[in-house]
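A.B. asks: Give me the fold of what follows.
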Amino acid sequence: MDFDKETYQSNDNFELTIKVYPTEAEKTIRFYKDLNNINISFSPKAEEFEFHQELKKRFIEGPPLFGDDSEYIDEYTISKEKPFKKIFLGTISESVNEIVFEIPELNIKNKIDKNFILKNQIILIKGNCRTIYGGKNKHFMSKEIKVELE
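C.D. replies: Numbers count the residues shown, from 1 in each chain. Model prediction:
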């Protein structure tokens, strides 16, 4: 995962880029058309205050088990030189007591209490793709960003 900046204000827009690489040789992967297989969470840096946005998302590898599912699935051939790459646009907004991280395309809305950010402005972003048939998670590299309150 990558962000377009390292530091954001509490009322900024952001770009989050995910990349999926094969572990070895070229590979075919498949995603639901609505990218219904990506988990992303925003949480304060301190582990004990971790928040999660659990999305019912699935990542598919291999052939379909139940016939033609191309109506719901897009297929991509990836290699180390040409990974699957997707940019998501999001917003950071501030209410009286919370900072809100939203990625509309993934239906994500994470809220973090402002008190946590006043103590430590570092936000930890975690994510993964989940396989359908094997139930395995493929984790993205975690990323930290800084959020400054206005």
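A.B. asks: Tell me which stretches of this protein form helices.
C.D. replies: 114-119 (DSSP state H).
A.B. asks: pretty sure residue 117 contacts residue 99?
C.D. replies: Yes: in this structure, residue 117 is within contact of residue 99 by CB atoms under 8 Å, at 5.7 Å. All C-beta atoms are positioned from the backbone trio N, CA, C, and that covers glycine.
A.B. asks: Common neighbours of the two, please.
C.D. replies: 147, 149 (CB atoms under 8 Å, 6 or more residues apart in numbering).
A.B. asks: check contacts around residue 89.
C.D. replies: 13, 14, 15, 103, 104, 105.
A.B. asks: Could you pull up phi and psi at the nearest residue to the third one once chain neighbours are set aside?
C.D. replies: This means residue 15. Leaving aside its sequence neighbours, residue 15 sits nearest to residue 4 (CB to CB, 6 or more residues apart in numbering; 4.1 Å). Dihedral pair for residue 4: phi -70, psi -20, per degrees, to the nearest 10.
A.B. asks: And residue 4, what's its pLDDT?
C.D. replies: Residue 4 is assigned 96 on the pLDDT scale.
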